[in-house]
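Undergrad: Sequence plus the predicted model coming up.
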Amino acid sequence: MPRAAVEDNERMNLRIPAEVKAKLVRAAALKHTDLTSFVTQTALREAEAVIEEAESFKASRRDFTRIMTLLESPPKANDRLAAAIRALPESL
């Protein structure tokens with residue numbers, strides 16, 4: 001899993017090719033904002049989308065119905081599951 005860089009300041013340095021920076025500057029100007037705001041807002045939207053995708057679970061209507069049915073009326077534990085539960089420590 002990649003490590004997240006955490007620093008005590010609000011500065012982030014990026015090295016990018018000149019043509020990439022020129023394109024970002026142009027896009028920022030077209031949005032009537034400065035480069036920092038444009039890059040921050042765009043990166044933040046993408047970050048939120050990545051986090052949402054990683055932390056959410058989507059089920060079809062059929063699967064959702066099955067999950068709810070199992071939660072409301074769970075099946076009885078078979079012998080292997082009962083043994084696994086007994087093998088668990090008292091606190092996790």
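TA: Okay, I see it. Numbering: from 1, shown residues only.

Undergrad: Give me the contacts around the longest helix along the chain.
TA: In the chain, assigned by DSSP state H, the helix with the most residues is helix 35-55. With contacts defined as Cβ atoms under 8 Å, 6 or more residues apart in numbering, helix 35-55 is touched by 24-25, 27-28, 31, 33. Backbone N, C-alpha and C define where each C-beta goes, glycine included.

Undergrad: Show the pLDDT at the residue of the chain positioned farthest from its centre.
TA: Relative to the centre of the chain, the most outlying C-alpha is that of Asp79, 36.8 Å out, by Cα atoms, centre = their mean. Per-residue confidence at Asp79 stands at 94 (pLDDT).

Undergrad: related to what we said a few turns ago, of the contacts of helix 35-55, buried ones?
TA: Neighbour-count burial (16 or more other Cβ atoms under 10 Å) applied to these gives 24, 28.

Undergrad: Might you specify the subset of the contacts of helix 35-55 located within helices?
TA: Per DSSP H, these map to helices at 24-25, 27-28.
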